[in-house]
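J.: Predicted structure and sequence below. I'll ask about it afterward.
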Amino acid sequence: MNTIDTILDEIIRREGGYVHHPADRGGPTNFGITAQTLGAWRKLGQPATAAEVQVLTEMEARDIYRQQYITGPGFEAITHPALLHLLVDTGVHSGPKRAVQWLQSALDVTADGVIGPKTRSALAVADQDVLYGKVLGQRLRHLGRLITNDPKQSAFAAGWMNRMAEFVEGTV
């Protein structure tokens, strides 16, 4: 099994099946795919309905993840498996543009959210383990700010911290 398939397996495992939690700002999700993402993917011109999200197949979810969270943001340029996994998971949780911006910030290049030639050049000479730590730190701080700024999000704190612990411990 290749690295991307393994990453997708882990994301599906972490996200689980259909959930419609009242505090989730993304609304109903299935395999971690929100109504907004599914509606855009299917070109509906609006978010998908809860019923449409509920019947989303795992295969379609994997296609969405592969296109919108790996290929689209340019994460295939990442050769370090742990960093790739962290960036894809970060994109799923906080948006792929934000994940790219955190990578760019760690690389000390313009954080425009697009992996272009300057980002790729900086990435080629960077210590990937150091980048991993910097991106993970930004993600942890972001999650803390989400909870601080919107206390309703504390409903997800334990799950988010369990997810982050996997990345800290290197078990992903």
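T.: Right, received. Where do you want to start?
J.: any weak-confidence spans in this structure?
T.: 1, 171 (pLDDT under 70).
J.: And for the closest residue to residue 48 other than its chain neighbours, the neighbour number?
T.: Distances taken as Cβ to Cβ, 6 or more residues apart in numbering place residue 38 nearest to residue 48, at 3.9 Å, with adjacent residues excluded. Using the backbone N, CA and C atoms, a C-beta is placed for each residue, glycine as well. Residues contacting residue 38 under the criterion other Cβ atoms under 10 Å number 22.
J.: and the closest residue to residue 76 other than its chain neighbours, how many residues sit next to it?
T.: Excluding its sequence neighbours, the residue lying closest to residue 76 (Cβ to Cβ, 6+ apart) is residue 70, at 6.2 Å. Residues lying near residue 70 (other Cβ under 10 Å) number 21.
J.: Hmm, residue 26 and residue 50 touching each other?
T.: No - look at residue 50 against residue 26 with Cβ atoms under 8 Å: they stay out of range, at 11.9 Å.
J.: Give me the common contacts of these two.
T.: Taking Cβ atoms under 8 Å, 6 or more residues apart in numbering as the contact criterion, the residues that touch both residue 50 and residue 26 are residue 35.
J.: which stretches of this structure form strands?
T.: With strands called from DSSP state E, the chain shows them at 29-30, 33-34.
J.: Show me the contact partners of the first one.
T.: Residues from elsewhere that reach strand 29-30, judged by Cβ under 8 Å, 6+ apart: 15, 17, 18, 19, 20, 35, 53, 54, 56, 61.
J.: Put the buried members of those into a PyMOL selection.
T.: Per 16 or more other Cβ atoms under 10 Å, the buried members of the contacts of strand 29-30 correspond to this PyMOL selection:
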select buried, resi 15+19+35+53+56+61
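J.: ok, back up a step: wait, isn't the residue nearest to residue 48 in contact with residue 57?
T.: No - assessed by Cβ under 8 Å, residue 38 is found out of contact with residue 57, at 11.2 Å.
J.: Now do the lengthiest helix in the chain: everything it contacts.
T.: The longest helix of the chain (DSSP state H) is helix 128-149. Helix 128-149 is contacted by residues 79-80, 82-83, 86-87, 90, 93-94, 98-99, 102-103, 105-107, 123, 153-154, 157, 160-161, 164, 167-168 when judged by Cβ under 8 Å, 6+ apart.
J.: in it, what counts as buried?
T.: For helix 128-149, burial by neighbour count (16+ other Cβ under 10 Å) applies to 131, 132, 134, 135, 136, 138, 139, 143, 146.
J.: centre of the chain versus it, how much separation?
T.: What separates the centre of helix 128-149 from the centre of its chain is 12 Å, taken as Cα atoms, centre = their mean, to the nearest Å.
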